[in-house]
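Trainee: Sequence and predicted structure below; questions after.
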Amino acid sequence: MPSRKSSRNHNDYPASTSSRGYSNGGYTYPIVPGQPMHYGSYNPYGTADRRQFNRDGLYNYDPYRRGEYAQSQNGGGGPGSGGPGVEDKWRNTYPYVPTSYYYHSPPPRPPPESIDLETEGGEDERENWGSKWEFIFSCVGLSVGIGNVWRFPTLAYENGGGSFLIPYFILLLFIGKPMYYMELALGQFAQRGPVSVWRLCPLGQGVGIAQCVVSCIVAIYYNVIMAYCLFYIFSSFAAEVPWSKCSKEWGYSADIESDDRCYEWSKDNPEANCAAADGKCQSSAEQYYEKVVLGIDKAFLSPTAEWTDDETKITNETYALTELGNIGDIKWDITLCLLLSWIIVFACLVKGIKSSGKVVYFTATFPYLLLLILLVYGCTLDGALEGVKELFIPKTWSGPKSIQDPQVWRKAAEQMFFSLSVSWGGLIMFGSYNKFHHKVHVTATVISSLDFITSIIAGVVIFSILGALSKETGVPLGEIVKGGQGLAFIAYPTALARLPVPQVWAIMFFFMLFLLGLDSEFALLETVLTAFYDAFPSLKRYKPIMTFLLCMSCFLISLPCMSYSGAFVFQIMDEYGGGMSVMWIAIFEVIGIMWFYGANNFAKDLNFMLNISMDGCWAWFRHYFMVIIWTLIPIFLIIIVGVSLANWEQPDYANEIKYPDWIHGIGYFLILIAAAQIPIWALFMTLYYLCAPSKRVSDVIRPTADWGPGDKQARKMYQANKAARQKGHLHGYENPAMAYPYYNYAGYHSYHM
């Protein structure tokens, strides 16, 4: 029976019983008479598979063998009997392997998509948004939050209205929008979290860790505001909203009463008179917020004694948090609201973006309905125009609280980062779950513009209400309410109490505030969780446990904000942990990406991701305009931070209550615990690249070998384009974009090409 064999040049031939062996193409394979037959083809990669069988009487004389072998076949014992022959030398030198039966008729090749040539084999597929609208609404929920409705009007109120708005708009246009686009696009390109994305420049690894630290700090006190919203919602279930009148039976146990400084906003009391001896009056809404919600009237306050020339004098300034650990009792009612808020956050995050992505359809859209209703109501009030002018027209062009005040520019920059959520890591995280070719530049432009519009709407609502109250009472607009985080919980409730059926409007409004905060809280916590999942992929199987541990830890840490001195603790965390530290992170983030990796390289990566062609003058102008802006952003931020530090003023509470130096030291520590991650990890990565045998220290500022698109197919094209730029056009196996399912083994290319 003929057997299928293969020659060295891969041509099949039949078995032969010729006494001269079998041959093909001028080459004769030797036969060892009386020995097992070995056949096959040339094997360049060193494996052998020898088939042995005996066919007595089949083999005849082989002319390639010495005569001694013929004698041994005939039973002779002449010289050289049993010695090695040509066939043995051939077999020992060139091992044999049988040729596959599929060589000439291979099965159909699978499509290239099924071939995984990734260096990160076995890595789990990254989750994606269920639709592009989940991504858009999540970004809207992250950027448009309580910061727009609460923090923006507060800072505008405290920093001169229009004098604050002008720097805010300038910084938003030239820094905020480009950085917003940069972070969303960076996450979408690499499809990694804020820590793992720094494979583009290992020296900046600490920036991603610092962003996670800041996100965690902000998440802790951000939920405190959400707890206040829940408290107001529950308080609105009454015959009348409790903050509309001065009362002696406030609180759950009806044991909190207003004092003689309390008065009610109404047309019957246009002069805002009260029975206080010193003439300092407070609205019923303000006293309700301070006494019932915060309990700040029970906080431990003390004047500071100063020693000068052996003489002691008491200053007229009041200080809070003067004794370590003395923050007063924990208010149980507001603490239960905080616990409920964290439970809701946990329930929405327990399955990651698959659960939070569905919630944002409602939480990101419903608040706009209520904001527009309040906008129409506020603008129709008598005196609203005067308040709106206060927001848009600067009072003065020089001096404190003016456009020339460096502190106003610093506050505007901090609010821009806070409002857009830039440099917190959340935008990178959201972008990493997006489809690779999503038109993120359009999304970034629309959402960042929507964020600014929302801030303006909220500001107009607040200032129109303040203008109306100022005209009714004759009190200057700047003296109607104190500053601080209570502005939104004083001006808004005052307006809501005047609406028909105020209970319904109050419930809807504070529910809106809660939803705005819920969206942002998703992003803050998911940023931290994503960093863990990227570093330890096995933790993805324990998402409910990881989410529970993080939420429980943040709840316990935020308990001091529920004490009688909680408002002071809250302000220190907000001023230092969520304000100044973000500025430092933003500077080093843009330096690492735009100076070390290169603004031009980054722009080319985005052109590849978005399929943007460089043909035409407009394309070149747009490309290099963004390159120049990204390159100059660190310089602008360094100037703002440097000038504001030279004129630094320690924050106080409502311009009345100050803090001791050691409290400000804790604030500086909050900045340090985040910002110090950058130099610490930069030093660690430098030492690693310096000591590792396979690394060079100069590589610490260069992308790692596995840097590139997170999408597998896009990565093949990206590597092919990159190699083509370096070596010219690539052909065949050297092209990373080509898939070789059957011949992708070592040595094949060198032998068969």
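Mentor: The structure has been received and is ready for your questions. Residues are numbered from 1 along each chain as shown.
Trainee: helix/strand/coil for T318?
Mentor: Of the three states, T318 takes strand under DSSP: H, G, I helix; E, B strand; the rest coil.
Trainee: Could you tell me what pLDDT the model assigned to it?
Mentor: Note for T318: predicted pLDDT of 80.
Trainee: right, and it touches E656 too?
Mentor: Yes: because the distance of 6.7 Å satisfies Cβ atoms under 8 Å, T318 is recorded as touching E656. In this view, the C-beta of every residue, glycine as well, is placed from N, C-alpha and C.
Trainee: And the two? Which one has more around it.
Mentor: Neighbours per residue (other Cβ atoms under 10 Å) separate T318 from E656, with T318 holding more: 15 against 12.
Trainee: quick one: that one from Y157, how far?
Mentor: Separation of T318 from Y157 (Cβ to Cβ, to the nearest Å): 22 Å.
Trainee: can you check C551 too?
Mentor: The gap separating C551 from Y157 is 33 Å, by Cβ to Cβ.
Trainee: Any regions of the stretch 251-400 of the chain where pLDDT drops low?
Mentor: Scanning the stretch 251-400 of the chain for pLDDT under 70 picks out 265-279, 304-316, 351-361, 363-364.
Trainee: doesn't E589 fall inside a helix?
Mentor: Yes: counting by three-state DSSP, E589 is found in a helix.
Trainee: in which helix or strand would I find the residue lying closest to it once chain neighbours are set aside?
Mentor: Leaving aside its chain neighbours, E589 sits nearest to V207 (4.9 Å; criterion: Cβ to Cβ, 6 or more residues apart in numbering). Using DSSP states H and E, V207 sits in helix 205-235.
Trainee: how far out from the middle of the chain is that helix?
Mentor: Remark: helix 205-235 is offset 15 Å from the chain centroid, using Cα atoms, centre = their mean, to the nearest Å.
Trainee: on contacts alone, who are the packing partners of that helix?
Mentor: helix 146, helix 332-349, helix 502-535, helix 543-557, helix 566-572, helix 581-590, helix 661-675, helix 677-691 (3 or more Cβ pairs under 8 Å, 6 or more residues apart in numbering; DSSP states H and E).
Trainee: quick check: angle from it to helix 543-557?
Mentor: Interaxial angle of helix 205-235 relative to helix 543-557 (axes from the mean of the first three to the mean of the last three Cα atoms, to 10 degrees): 70 degrees.
Trainee: mind checking how far the next helix or strand after helix 205-235 is from the chain centre?
Mentor: Once the chain leaves helix 205-235, the next helix or strand it forms, by DSSP H and E, is strand 262-263. How far strand 262-263 lies from its chain's middle: 46 Å, per Cα atoms, centre = their mean.
Trainee: Could you check how many residues crowd around G459?
Mentor: 26.
Trainee: Tell me if I'm right that it and G378 touch.
Mentor: No: using Cβ under 8 Å, G459 is not in contact with G378; the gap is 10.6 Å.
Trainee: buried set for the stretch of helix or strand I640 belongs to?
Mentor: Using DSSP H and E, I640 sits in helix 617-646. Across helix 617-646, burial judged by 16 or more other Cβ atoms under 10 Å covers 622-623, 626-627, 629-634, 636-637, 640-641, 644.
Trainee: do the same with stretch 328-344
Mentor: 328, 331, 333-335, 337-338, 341-342, 344.
Trainee: Identify the residues contacting Y492.
Mentor: Residues in contact with Y492 (Cβ atoms under 8 Å, 6 or more residues apart in numbering) are 374, 461-462, 465, 509.
Trainee: My error: substitute A468 in the last question.
Mentor: Taking Cβ under 8 Å, 6+ apart, one finds 378, 381-384, 387 in contact with A468.
Trainee: Please name the residues that touch the closest residue to it other than its chain neighbours.
Mentor: Among residues not flanking A468 along the chain, L381 sits closest, at 3.7 Å (Cβ to Cβ, 6+ apart). Contact analysis of L381 by Cβ under 8 Å, 6+ apart lists 464-465, 467-468.
Trainee: got JSON lines for these, with secondary structure too?
Mentor: Shown next, in JSON lines, are those (three-state DSSP):
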{"residue": "S464", "secondary structure": "helix"}
{"residue": "I465", "secondary structure": "helix"}
{"residue": "G467", "secondary structure": "helix"}
{"residue": "A468", "secondary structure": "helix"}
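Trainee: Just the closest of the residues you listed to Q571, please.
Mentor: I465 (23.4 Å; Cβ to Cβ).
Trainee: Not counting residues beside it along the chain, what's closest to the closest one?
Mentor: With Cβ to Cβ, 6+ apart, the residue lying closest to I465 is A495, at 4.5 Å.
Trainee: show me what contacts that neighbour?
Mentor: Contacts for A495 (Cβ under 8 Å, 6+ apart) come out as 374, 377-378, 461, 465.
Trainee: L370 too?
Mentor: Going by Cβ under 8 Å, 6+ apart, L370 touches 508-509, 512.
Trainee: Quickly name whichever of those is closest to Y168.
Mentor: Within these, proximity to Y168 (Cβ to Cβ) peaks at M512, which comes in at 23.0 Å.
Trainee: how close does that closest one get to Y368?
Mentor: 9 Å.
Trainee: How about C281?
Mentor: Remark: distance between C281 and Y368 (Cβ to Cβ) = 35 Å.
Trainee: who has more neighbours, those two?
Mentor: C281 (20 against 16).
Trainee: Please look at the more buried one and Y263 and confirm they touch.
Mentor: Yes: with contact defined as Cβ under 8 Å, C281 counts as touching Y263 (5.2 Å).
Trainee: re earlier: mind checking the SS state of the residue nearest to A468?
Mentor: Following three-state DSSP, the label given to L381 is coil.
Trainee: got it, and F164?
Mentor: helix.
Trainee: Please report how far it lies from K132.
Mentor: Going from F164 to K132 by Cβ to Cβ gives 35 Å.
Trainee: so where's the stretch 651-753 of the chain uncertain?
Mentor: Using pLDDT under 70, the stretch 651-753 of the chain drops low at 725-753.
Trainee: again, 90 this time
Mentor: Low-confidence segments of the stretch 651-753 of the chain, defined by pLDDT under 90: 651-668, 670-672, 674-676, 690-699, 704-753.
Trainee: just the stretch 101-250 of the chain next, same as before
Mentor: In the stretch 101-250 of the chain (pLDDT under 90), the answer is 101-166, 188, 190-196, 211-212, 214-215, 217-218, 221-222, 225, 238-250.
Trainee: and if we set it to 50?
Mentor: By pLDDT under 50, the low-scoring segments of the stretch 101-250 of the chain are 101, 110-123.
Trainee: With the stretch 501-650 of the chain instead?
Mentor: In the stretch 501-650 of the chain (pLDDT under 50), no residue qualifies.
Trainee: rewinding a little: out of F164 and K132, name the residue with the larger neighbour count.
Mentor: Neighbour totals were compared for F164 and K132, and F164 leads with 27 against 13 (other Cβ under 10 Å).
Trainee: which non-adjacent residue is nearest that one?
Mentor: Closest residue to F164 apart from its sequence neighbours, by Cβ to Cβ, 6+ apart: A156 at 4.8 Å.
Trainee: cool, D333 as well?
Mentor: Nearest one to D333, counting by Cβ to Cβ, 6+ apart, is Y252 at 5.6 Å.
Trainee: just checking, the one you found touches W332?
Mentor: No: applying Cβ under 8 Å as the test, Y252 and W332 come out as separate, 9.1 Å apart.
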